[in-house]
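Colleague: structure of the sequence below:
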Amino acid sequence: MQKKKKAGFWQNVWRYKALILMALPGFIWFIFFFYIPVFANIVAFKDFRISPNGFIDSLMTSEWVGFDNFKFLFSSQDAWLITRNTLLYNIVFLAFNLFFAIAFAIIMSELRNKKMVKVYHTMSLLPYFLSWVVIGYFVYAFLSPDKGIINQWLVSAGKDPISWYSDPTWWPLIFVIMNVWKSLGYNSIIYYASVMGIDPTYYEAAMVDGASKWQQIKNVTIPQIVPMMLVLLIMNIGGIFRADFGMFYNVPRNSGALYQVTAVLDTYIYNGLTATGDIGMSSAASLYQSVVGAALLLVANFVVRKIEPDSALF
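Modeller: Residues are numbered from 1 along each chain as shown. Modelled structure (predicted):
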């Protein structure tokens, strides 16, 4: 029996060799960059000191401090600020991205000129492939205190210019606009595919009943894409404790005057590491981020499984 199982396994490997070869680079990438680094989380529980003999020696010789790094993180004045900012920004991003992605997908599905649909999709996808460094310079061209386009408009209209990089008032709105603008095309693709996959007979039945276009969207389109919405929502909730470092660091140009509205977990970890060199404390903050994100993912999946079992991830 064992020989038959072994032969059957290798026969399947040979049968699906093309698919296995396609998946192999991604599998190797995950092993080296996701699974092996998990063992380095022990750094969060050590007073890590770099040794000239390499990382392994540094790990072995560094003093074990237990949860002291976490105590330092939570006892700091910034703990509540960075946690609050990270959560609130991500919740707002989730809500706005969901609304605009679905709205854009539905609008694209209603267009009859398919060539223009491709043009609009391509245009909406372009920002997704731009680096936040490049976008940061674009934003600076608009918000520069002395030569920015917006301040020039304000001055020409007889109003006082705004010190954008020292006044935190407008930055939460700027972050929301930039996040939606950059991710709209990418987020809407899956919803567009889901909308286009809806059986046309549903719409035909709705039209026979005299349903308007809005009623068709509300009673046919939205209910049909709810399972996809729930799946994507669960996956996004898993990253709710991970802020977009590029946006929060590069777009506001790491301005200290904006710290109250730009400080999130990712920028806190980076600034803490570059300013103090305390690898143990930075690792503790990163581990805290990952553990809470994983816990939220499990909770969200559990809730969805109770409400809509077919839409749960597992």
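Colleague: do a quick rundown of the strands in the stretch 1-150 of the chain.
Modeller: Ranges of strands in the stretch 1-150 of the chain, per DSSP state E, counting those that start in this stretch, are 46-47, 63-64.
Colleague: quick one: which of those is nearest Pro172?
Modeller: Pro172 sits nearest to strand 46-47 of all the strands of the stretch 1-150 of the chain, at 36.8 Å, using C-beta to C-beta. Quick note: C-beta positions are derived from backbone N, CA and C, even for glycine.
Colleague: for the residue lying closest to Leu273 once chain neighbours are set aside, give me its contacts.
Modeller: Nearest non-adjacent residue to Leu273, counting by C-beta to C-beta, 6 or more residues apart in numbering: Ser282, 4.2 Å away. By C-beta atoms under 8 Å, 6 or more residues apart in numbering, the contact list for Ser282 reads Ile269, Gly272, Leu273.
Colleague: how about Ile190?
Modeller: Ile190 makes contact with Met228, Leu232, according to C-beta under 8 Å, 6+ apart.
Colleague: how far away from the center of its chain is the strand or helix carrying it?
Modeller: Using DSSP states H and E, Ile190 sits within helix 171-196. Chain-centre distance of helix 171-196: 11 Å, with C-alpha atoms, centre = their mean, to the nearest Å.
Colleague: same thing with stretch 230-240?
Modeller: Remark: stretch 230-240 is offset 9 Å from the chain centroid, using C-alpha atoms, centre = their mean.
Colleague: put the alpha carbons of that stretch into PDB.
Modeller: Taking C-alpha atoms only, stretch 230-240 is exported to PDB below (Å, rounded to 0.1, in the frame of the first residue of the first chain):
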ATOM      1  CA  LEU A 230     -17.000  40.000   2.700                       C
ATOM      2  CA  VAL A 231     -14.000  38.000   1.600                       C
ATOM      3  CA  LEU A 232     -12.000  41.100   0.700                       C
ATOM      4  CA  LEU A 233     -13.100  42.800   3.900                       C
ATOM      5  CA  ILE A 234     -11.800  39.900   6.000                       C
ATOM      6  CA  MET A 235      -8.500  40.000   4.200                       C
ATOM      7  CA  ASN A 236      -8.200  43.800   4.600                       C
ATOM      8  CA  ILE A 237      -9.100  43.600   8.300                       C
ATOM      9  CA  GLY A 238      -6.000  41.400   8.700                       C
ATOM     10  CA  GLY A 239      -3.900  44.400   7.700                       C
ATOM     11  CA  ILE A 240      -5.800  47.000   9.700                       C
END
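Colleague: that one - what's its average pLDDT?
Modeller: Mean pLDDT, computed over stretch 230-240, is 84.
Colleague: and for stretch 287-302?
Modeller: Per-residue scores along stretch 287-302 average to 85.
Colleague: could you list the residues in contact with it?
Modeller: Residues outside stretch 287-302 that contact it (C-beta under 8 Å, 6+ apart): 41, 44, 70, 73, 233-235, 237-242, 265-266, 269, 312-314.
Colleague: output it as CSV, nothing but the C-alphas.
Modeller: Provided in CSV are the C-alpha atoms of stretch 287-302 (Å, rounded to 0.1, in the frame of the first residue of the first chain):
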residue,chain,number,x,y,z
LEU,A,287,5.4,41.8,16.5
TYR,A,288,2.6,43.5,18.4
GLN,A,289,1.4,44.8,15.0
SER,A,290,1.4,41.3,13.5
VAL,A,291,-0.2,39.5,16.4
VAL,A,292,-3.1,42.0,16.7
GLY,A,293,-3.6,41.9,12.9
ALA,A,294,-3.8,38.1,13.0
ALA,A,295,-6.2,38.2,15.9
LEU,A,296,-8.5,40.7,14.1
LEU,A,297,-8.4,38.5,11.0
LEU,A,298,-9.5,35.4,13.0
VAL,A,299,-12.3,37.4,14.8
ALA,A,300,-13.6,38.9,11.5
ASN,A,301,-13.6,35.4,9.9
PHE,A,302,-15.4,34.0,12.9
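Colleague: where are the low-confidence patches of the stretch 1-150 of the chain?
Modeller: By pLDDT under 70, the weakly predicted segments of the stretch 1-150 of the chain are 1-7.
Colleague: any idea how far Arg112 is from Met60?
Modeller: 67 Å (C-beta to C-beta, to the nearest Å).
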